[in-house]
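Just need the structure, nothing else, for what follows:
(2 chains)
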Amino acid sequence: MARKPAAAKAAKSASLPNAPQFSKEDELKAFRDMLLIRRFEEKAGQMYGMGLIGGFCHLYIGQEAVVTGITMASQKGDAQITGYRDHGHMLVMGLDPKGVMAELTGREGGLSKGKGGSMHMFSNEHRFYGGNGIVGAQVSLGTGLAFAAKYRGENSVAITYFGDGAANQGQVYESFNMAKLWNLPVLYIIENNRYAMGTSVERATAQADFSKRGLSFNIQGEQVDGMDVRMVHDATRRAIDHIRGGGGPYILEMMTYRYRGHSMSDPAKYRSKDEVTTMRAERDPIEQVKSRILEKRFGTEETLKQIETEVRAIVTEAADFATSDAEPPASELWTDIYAA
Amino acid sequence: MPNILMPALSPTMEEGKLSKWLVKVGDTVKPGDVLAEIETDKATMEVESVDSGEVKELLVAEGTEGVKVNTPIAVVLGEGESAPAPTPVARTAPEPAEAPVVAAEKAADAAPAAAAAPAAPKFEAAADPDLPAGVEMVEMTVRQALNEAMAEEMRRDKDVFVMGEEVAEYQGAYKVTQGLLQEFGPQRVVDTPITEHGFAGIGVGAAFAGLRPIVEFMTWNFAMQAIDQIINSAAKQLYMSGGQVTAPIVFRGPNGAAARVAAQHSQDFSAWYSHVPGLYVVAPFTAADAKGLLKAAIRTNTPVVFLENEILYGSTGLVPKVDDFVLPIGKARIARQGKDVTIVSFSMGMRYATQATEKLVAAGVDVELIDLRTLRPMDSATVIESVKKTGRLVTVEEGWPQGGIGAELTARVVAEAFDYLDAPPTRVTGKDVPMPYAANLEKLALPNVDEVIAAVNAVTYRS
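Have a look, this model is predicted:
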């Protein structure tokens, strides 16, 4: 079957003369945040390989621009919720990388005291609601976060991420319906990385343009180049303005790509090596920012190297903590089952 | 880290074949570069470099089979790094190196209870509140009691709201939410589309954000559409978040067989939900218990499955007229004290058990009748105490026998009061069939008073 690469289409938008521009500060922040995710995930992959991380481990490498651009366009008090590919979300939301990595290794200093693992981490303080392991469940939950915001008259937006695979789950459409019916402040982010585990979008979906999935509920949507952090940021800012202005739910389909397999144990035989190599070489979100920084003289090679050094130190510290911290005490087996 | 180790590429991989090197000594590598291909029993995977540096040595030859996870396979030195202490070159039968995984093993060894799980903590339920002397008792239906409980809690706490199908304008499919829309308005009494999976999830999400939803299922049969949100999202949230995120939510509605609505609309979910740690499961019989326990369910920060019964909605009982009547979750109620036999039931089963008790007492059998009221945490202490006195146990429920509430009670009594038993514990349950439609067959499928009496006669050796 001829595959029409979605990202190729999105690539055009990046070269548009009116592509939204980032300030120096924005470019440097985006570079730093995306690099933190990349290096953190590479380290997680390595530690998985050493047997320090067990079970499933879904890496965000390649998709960094999505959560980075969105978080830059959101404000304090906005809630975020996603599926199991969740490490990047926590890192850019400001959760402690040590706590994230220690959760991956199942240690007591992990964000969930070692009881959640890669797919189950949360923070009331940062309004991050996981870290959800069941494909699609977070869509109803995120809609519920928006319900609570509206109920209380808060001006926050519930940013609800899900993938192209989850987009075929029934509860997604139940949620769309109620979100529009009740005009809830929810931003649905469909991270279309083109593969639901090993099944390509073309093989799994009748309407492959996910931005149109809200049409029958009168929810507007648009496709966004998810490899260009500026495009992600710009689309999110506009969508959030629409939502905060009382316009109700909105859908952004982020055209993105994961470089690694679905999880650590996936050899990714369902796609060609060329496809991955081409994406990495031509569309890499971090390389894009890097070349703009140098081109516009927002920083020198030395500036970038400093950021790299700083990020590496954070990741090394997280990895050291996550390997030296104790496992949770046996008594933790029985805690946190019933709340007062 | 200069040593590149043989990676585990799946949760279960212990060794693999190093099938191909994609770098050679002297190459410079950067993060993400593919170093080698590894074959496992399932797939061929690539090993990527995490650091930048120069390949100094390849320690395992291409084509080597059975390379154990964590064996050093190459030396890559970054700027300013020096070579590690010489490692035995592992070309055949490589020994696992001193890799960080050992730290995890050491940590596990250090925990003395690693082999045996620590004992479960005992759940201590409070006693029922003392009522003031001469308190006025008001007769009301179970339906009214449930309605009052919700209205009182909604007056008390503005974060409490009700959502479900037909709960507002229609005034409730079974009229349990009657009048709430008029008092609290459409923001707090929310009609949903027919979409259980979706609105259960929305309720749980709202609870994560601090609201206290009461989600009504028109019947529990339809909640099977939503069971993933009840169990995977609500029940497990506190544990998975290490105690951070609570889901203070009540899922409620009629459970069990109604009348002549056949298999898909007549099912008892008591045992299903009582299986799940992280949930409270409440199944009241009397109007007073319905009120006091629903108020408690709305107040707790633990998610609650509240199992009502359509047939019991219209039955009446006396409810104490006090300002704030709240009963403890997890505490059984001794409905009648006796010394000959212990009958344990809950919800609709209590109707058969109560009627049987009246007849048995008239026939001279001194029955002790226990209404569990809460199925999880299950108050087995009260049951075991009773069986130690009577030596006999009969359980009564509408649900299926296998893995049922009676099966659980029997197991606990046998384990903890075996020496006190004078007869085998006996279960009266719904028959092990889907609910038939025909009136005669439906009657046969459900437990009845005569079956309870027969069971008591059997365990007391009266013919």
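
Tell me the first helix or strand C-terminal of the helix or strand of chain B with the lowest mean pLDDT.
Taking mean pLDDT, DSSP states H and E as the measure, helix B:101-110 is the helix or strand of chain B with the lowest mean score, a mean of 43. Using DSSP states H and E, the helix or strand that follows helix B:101-110 towards the C-terminus is strand B:137-141.

so how far is B:Thr300 from the residue nearest to the spatial centre of chain B?
Computing the C-alpha centroid of chain B and ranking residues by CA atoms, centre = their mean puts B:Val276 first, at 1.9 Å. For B:Val276, the distance to B:Thr300 under the criterion CB to CB, to the nearest Å works out to 16 Å. Quick note: C-beta positions are derived from backbone N, CA and C, even for glycine.

near chain B, anything from the helix ranked longest in chain A?
Among the elements of type helix in chain A, defined by DSSP state H, the one spanning the most residues is helix A:24-49. Yes: legend: contact between helix A:24-49 and chain B by CB under 8 Å from any CB of the partner chain is shown at A:38-39, A:42-43, A:45-49.

mind listing what's buried in that helix?
Residues of helix A:24-49 classed as buried under the neighbour-count rule (16 or more other CB atoms under 10 Å in any protein chain shown) are A:26-49.

Just give the number of residues close to B:Pro121.
By the measure other CB atoms under 10 Å in any protein chain shown, the count of residues near B:Pro121 is 11.

Please, where are all the helices along chain B?
Along chain B, counting by DSSP H, helices occupy B:101-110, B:142-156, B:180-184, B:196-208, B:227-228, B:237-240, B:270-274, B:287-299, B:349-362, B:380-390, B:405-417, B:439-445, B:449-459.

Nearest residue to B:Phe222 in space, ignoring adjacent ones along the chain?
If the residues on either side of it in the chain are set aside, B:Phe222 comes closest to B:Glu196, at 5.1 Å by CB to CB, 6 or more residues apart in numbering or on different chains.

Could you pull up the residues touching residue 292?
In the absence of a named chain, chain A is used. Taking CB atoms under 8 Å, 6 or more residues apart in numbering or on different chains, we find A:Arg292 in contact with A:22, A:27, A:298.

not what I meant, chain B
Applying CB under 8 Å, 6+ apart as the definition, the contact partners of B:Gly292 turn out to be B:128, B:149, B:325-327.

OK, contacts around the residue nearest to B:Phe222?
When the contact criterion is CB under 8 Å, 6+ apart, the partners of B:Glu196 are B:217, B:222-223, B:225-226.

most packed of the helices of chain B?
Taking mean count of other CB atoms under 10 Å in any protein chain shown as the contact definition, the stretch among the helices of chain B with the greatest mean neighbour count is helix B:196-208, which reaches a mean of 30.

Of all residues in the stretch 151-300 of chain A, which one is closest to chain B?
A:Glu174 (2.7 Å; CB to the nearest CB).

Please identify the helix or strand for that residue.
Secondary structure assignment for A:Glu174, by DSSP H and E: helix A:170-181.

Verify the stated contact: A:Ile293 with A:Thr303.
Yes: A:Ile293 lies in contact with A:Thr303 (CB atoms under 8 Å); the separation is 7.5 Å.

who has more neighbours, those two?
Here A:Ile293 and A:Thr303 are compared on neighbour count by other CB under 10 Å; more neighbours surround A:Ile293, at 22 against 14.

So the more buried one: helix, strand or coil?
helix (DSSP: H, G, I helix; E, B strand; the rest coil).

show me what contacts the nearest residue to it once chain neighbours are set aside?
Leaving aside its sequence neighbours, A:Ile293 sits nearest to A:Gly299 (CB to CB, 6+ apart; 4.9 Å). Remark: with contacts taken as CB under 8 Å, 6+ apart, A:Gly299 is in contact with A:24, A:28, A:293.

From A:Glu27, how far out is A:Gly299?
Shown here: A:Gly299 relative to A:Glu27, a distance of 8 Å by CB to CB.

Now for those two: what residues contact both?
The contact sets of A:Gly299 and A:Glu27 overlap at A:Ile293 (CB under 8 Å, 6+ apart).

what about stretch A:103-113, near chain B?
Yes: looking at stretch A:103-113 against chain B by CB under 8 Å from any CB, the contacts come from A:105, A:107, A:110-113.

residues in contact with that stretch?
Residues from elsewhere that reach stretch A:103-113, judged by CB under 8 Å, 6+ apart: A:44, A:47, A:52-54, A:57, A:87, A:90, A:95-96, A:98-100, A:102, A:114, A:116-118, A:120-123, A:321-323, A:325-329, A:332, A:336, B:104, B:107, B:240-244.

same thing with stretch A:270-277?
Contacts of stretch A:270-277 (CB under 8 Å, 6+ apart): A:5, A:195, A:198-200, A:259, A:268.

Now with 6 Å, please.
A:Gly198 (CB atoms under 6 Å, 6 or more residues apart in numbering or on different chains).

Show me which parts of it are buried, residue by residue.
Neighbour-count burial for stretch A:270-277, with 16+ other CB under 10 Å as criterion, is recorded at A:271, A:276.

Taking helix A:24-49 as reference, get the angle to the following helix or strand past the longest helix of chain A.
The element immediately downstream of helix A:24-49 (helix or strand, assigned by DSSP H and E) is helix A:64-73. Between helix A:64-73 and helix A:24-49, the angle formed by their directions is 130 degrees, by axes from the mean of the first three to the mean of the last three CA atoms, to 10 degrees.

now for helix A:64-73, which elements pack on it?
helix A:24-49, helix A:87-93, helix A:229-242 (3 or more CB pairs under 6 Å, 6 or more residues apart in numbering or on different chains; DSSP states H and E).

Need the residues that contact whichever helix or strand comes after that helix.
Past helix A:64-73, further along toward the C-terminus, the next helix or strand under DSSP H and E is strand A:79-81. The contact list for strand A:79-81, computed with CB under 6 Å, 6+ apart, reads A:89, A:127-129, A:138, A:141-142, A:145, A:158-160.

could you point out where the stretch 101-250 of chain B is predicted with low confidence?
By pLDDT under 70, the low-scoring segments of the stretch 101-250 of chain B are B:101-115.

Would you tell me which residues of it are close to chain A?
Within the stretch 101-250 of chain B, the positions lying close to chain A (CB under 6 Å from any CB of the partner chain) are B:101, B:103, B:107, B:111, B:113, B:117-118, B:121, B:195, B:197-198, B:201-202, B:204-206, B:208-209, B:211, B:228, B:232-233, B:238-246.
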